[in-house]
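> Return a 3D structure for these sequence lines:
(2 chains)
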Amino acid sequence: MTRLASASAATAYQKQWFAGLHDHDGPLALVNADAPQEIFRTMGIPYVVNQWWASIVAAKRRTQDYLALLRDRGYPDYVEQYSATSLASLFDPDPANAPWGGLPRPSIVLAETTGDASRKIFDVWDEEPDIAFYALENAAANDVPVRWWELMPRRWEEAIGSDRLDLMTGELEGLIRFLEQTTGRVFSESRFREVMALVNEQQEWNRRARDLIARARPCPLAVTDSIPSVMVPQWHRGTAWARDAARAFHDEVAERVAAGAAVCDDERVRLMWIGRGLWYDLDFYRRFQDSHGAVFVWSMYLAIAADGYLRYGGDPLRALAARFAAFSDQLYTPPWSAEWYVKEARLHGVDGVVHLVSDDARGSYFTTRALRAAGIPVLELHADNVDARAASPEAISDAVATWLDSDVRGPAGAG
Amino acid sequence: MAPVIGYVGADVPVELITAAGARPWRLAGHPGADQTAGDRYLGRGVDPATRSLLSRLLDGEFGSLDGLVVSRDCESSARLFYALRELRRVDPAIALPPLHLVDVLHLPHRTTTRYVLAKIRQLRSALESWTGTLISDDALAEAIEAHDRLRCLLADVAALRRSGRLTGTTALSIMADTTALPVSRAIDRVAQLLDGDHPAVPGKRVFLTGSGHDGPHVYEILEDAGLLIVGEDHDWGDLLWHRRVGAPTELALAERYQHNGPSAPRASIRARAAHTAAAARACGAEALVSYVRDHDDAPAWDFPAQRAATGLPSVLLDRQPYGDLTDGARTAIGELA
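Residues are numbered from 1 along each chain as shown, chains lettered A, B, ... in the order given. Predicted structure coming up:
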């Protein structure tokens, strides 16, 4: 099957945009994936997403080179590799030979104080001359309503709780003032409202695309196509280009569904991939089509775009706070994470789940338990998504093939 | 008999538990205990000390608690809370005490203070509900005064230790004891220790940084190897008493816990390095040892700056097993001693 035009267009756009950053004169930010990028968009400050850059480095098989640079400086090369790769790029003695011409040096870095190591990684950035780190507080709730995806678009205050939203709104006001003072850029409330509206439009297109794919039999596209089609626009959200790219992706999916296109003509097993992308081995996602008729129909990237970003009503800054005050909970904290994955598994009619479990604190038990309780076979793959030292591509593929042979049956009893 | 409220993490405002007429009991793991349940529910990517703690809780080793308060002093405590909350939801057959998260945060901003104050007030309500005791302002004031008094006495213990007349193992043990006793008995216990005779103890004076230690096992190994731990910067040790509340109000309580530290999981590298350097200097340390447990993700990031700031001979023992040292670490310690 030919690649989606929207995937090729997104990748080409990103390359052109990134090349332009090397000539950029002015403030440049490096931000975490779950940071309120809309504020930078509003103020016209370009930003690179920390984990996106790590995915490029991994896809080019350069992660080990960069982790060695951390090790050389006395920092651990075995903690949060996905979030630490960009920092290591800062120490690259030969940036001209880095992927995509190398990571331009940012002047501002932004992250939440999630986990124990994330903030430390950004502290090291902060030690560099002319780079400032702005830390956002990360709060947690004592009790939460389970079905967050039904509440988030309009009843986000109820889903997240007023204390967390008060805190994050205050944090964002502080961030805006910090950026105004350090960059001289203006935060226009009118412009911000346009950005927020564009983001909602974009995610609505993603939601429609997700729903089309969930209902389609056979699966009309590869997850390796949907990921760039969704995520490159995601990193450019709040622009007309990103909104239009999401619409183009949806339209292309709709055409394929109408034409009965199949990523695998002999689709017998529908699989869900839970976890971050396996960036150093993207061929993995197609590897079981010929041998088992097994197709990965789901990754979190489109699904979280569909369910995790929409925020309507209320004060726009508070709505933005509601987008990020509990973002990682949606993916990694039970009951939200576990129940959402079950909902998505059922929506997409999957026959099995491959669950990537990294050697970190996020854990896997409750997600795996919930899926199995719903009657869905789960394979836990203990590996890292950028650091292949934890498990080789061969070992991972062997584990999946064995599991498909032994545990997974497609809807017609095949497999 | 007074209700017993278990708690996890040094970010739990114990004054409120005391003020509710209950006994606060800081829960800990044990390196020798079975850890199967903790491994199952938390996964092997979580600090093994917390996996051990959860295992002990589920195995009933803490008896019947009247409530359990968990803080987010580190990611593993947060994950412990999420696991317990989810277990209560999906497996109600597992006997668990009432559970409450007190989300004390640490960025030095007014917005954070306002948030922490709200969390303090919510904890106060939860404790009142659990114990059936209304926490009066007078009771809170009395509890704050008592716990601050205990912190003053623990500062005296630290001074005794710095004078070379108390081992790190003994100091850590006495501090741990105080987290399991009613505050009045804890005060008596520490006062009794201070009244005793304490001859000089030998050993190379080292400052210990890195992971927290919820038991004496690693201290014993290090001191048996010829070191004398004269100070540390984790919250089972000197960070437990370092900062006082100082005033009988909820706001003072919120600010004490917000600004307490700097702990490895929650403070910046810069703040940690400055604190470690000052504390090591105050202790007259001759060397710096950073002991970092496997899957305790923060401390190894601190080490390069701590080493530079202290200017002392330093050793990093990273990815260590819970309550023990690898052979390589033992060799490194032998060379340092």
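> Might you enumerate the residues of the stretch 51-200 of chain A proximal to chain B?
Within the stretch 51-200 of chain A, the positions lying close to chain B (C-beta under 8 Å from any C-beta of the partner chain) are A:73-76, A:78-80, A:113, A:115-117, A:119-121, A:123-124, A:126-127, A:135, A:137-143, A:163-164, A:166-167, A:170-171, A:174. To be clear about C-beta, it is placed using only N, CA and C from the backbone, and glycine gets the same treatment.
> Quick one: buried ones out of these?
With burial judged by 16 or more other C-beta atoms under 10 Å in any protein chain shown, the buried subset of these is A:75-76, A:78-80, A:113, A:115-117, A:119-121, A:123-124, A:126, A:135, A:137-142, A:163-164, A:166-167, A:170-171, A:174.
> Just to be careful, could you list which of these are in strands?
Among these, the members falling in strands (DSSP state E) are A:Ala135.
> Quick check: closest non-adjacent residue to residue 54.
You didn't say which chain, so I picked chain A. A:Thr85 (3.8 Å; C-beta to C-beta, 6 or more residues apart in numbering or on different chains).
> switch to chain B, that's the one I care about
According to C-beta to C-beta, 6+ apart, the nearest residue to B:Leu54 is B:Gly38 (4.0 Å).
> Show the contacting residues for that neighbour.
Shown in contact with B:Gly38 (C-beta atoms under 8 Å, 6 or more residues apart in numbering or on different chains): B:46, B:48, B:50-55, B:58.
> One more pass at 10 Å, please.
Residues in contact with B:Gly38, defined by C-beta atoms under 10 Å, 6 or more residues apart in numbering or on different chains, are B:29, B:44, B:46, B:48-59, B:76, B:80, B:83.
> circling back to that earlier point, which SSE is the residue nearest to A:Ala54 in?
Assessed by DSSP states H and E, A:Thr85 sits inside helix A:81-90.
> Quick check, A:Ser226 in contact with A:Ser299.
Yes: judged on C-beta atoms under 10 Å, A:Ser226 makes contact with A:Ser299 at a distance of 7.0 Å.
> neighbour-wise, which of those two wins?
Each of A:Ser226 and A:Ser299 has its neighbours counted (other C-beta atoms under 10 Å in any protein chain shown); A:Ser226 has more, 29 against 22.
> Distance of the nearest residue to the more buried one once chain neighbours are set aside relative to A:Ser6?
Spatially, and ignoring its direct neighbours in sequence, A:Ser226 is nearest to A:Leu302 (5.1 Å; C-beta to C-beta, 6+ apart). In this structure, A:Leu302 and A:Ser6 are 12 Å apart, going by C-beta to C-beta, to the nearest Å.
> Between the two, which contacts overlap?
With C-beta under 10 Å, 6+ apart as the test, A:Leu302 and A:Ser6 both reach A:209, A:221, A:226, A:229-230, A:249, A:253.
> tell me the strands in the stretch 151-300 of chain B, going along the chain?
B:204-210, B:227-232, B:287-293 (DSSP state E, counting those that start in this stretch).
> Just put those strands in a markdown table and tack on mean neighbour count, distance to chain A and mean pLDDT.
A markdown table is the format used below for the strands of the stretch 151-300 of chain B (neighbours: other C-beta atoms under 10 Å in any protein chain shown; distance: least, C-beta to the nearest C-beta, whole Å; pLDDT from 0 to 100):
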| stretch | mean neighbour count | distance to chain A | mean pLDDT |
| --- | --- | --- | --- |
| strand B:204-210 | 26 | 12 | 98 |
| strand B:227-232 | 25 | 18 | 98 |
| strand B:287-293 | 24 | 9 | 98 |
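> how about those strands in TSV, adding distance to A:Asp329?
Shown next, in TSV, are the strands of the stretch 151-300 of chain B (distance: least, C-beta to C-beta, whole Å):
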stretch	distance to A:Asp329
strand B:204-210	29
strand B:227-232	33
strand B:287-293	26
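> Confirm for me that B:Pro202 is in contact with B:Asp224.
No: with contact defined as C-beta under 10 Å, B:Pro202 does not count as touching B:Asp224 (12.0 Å).
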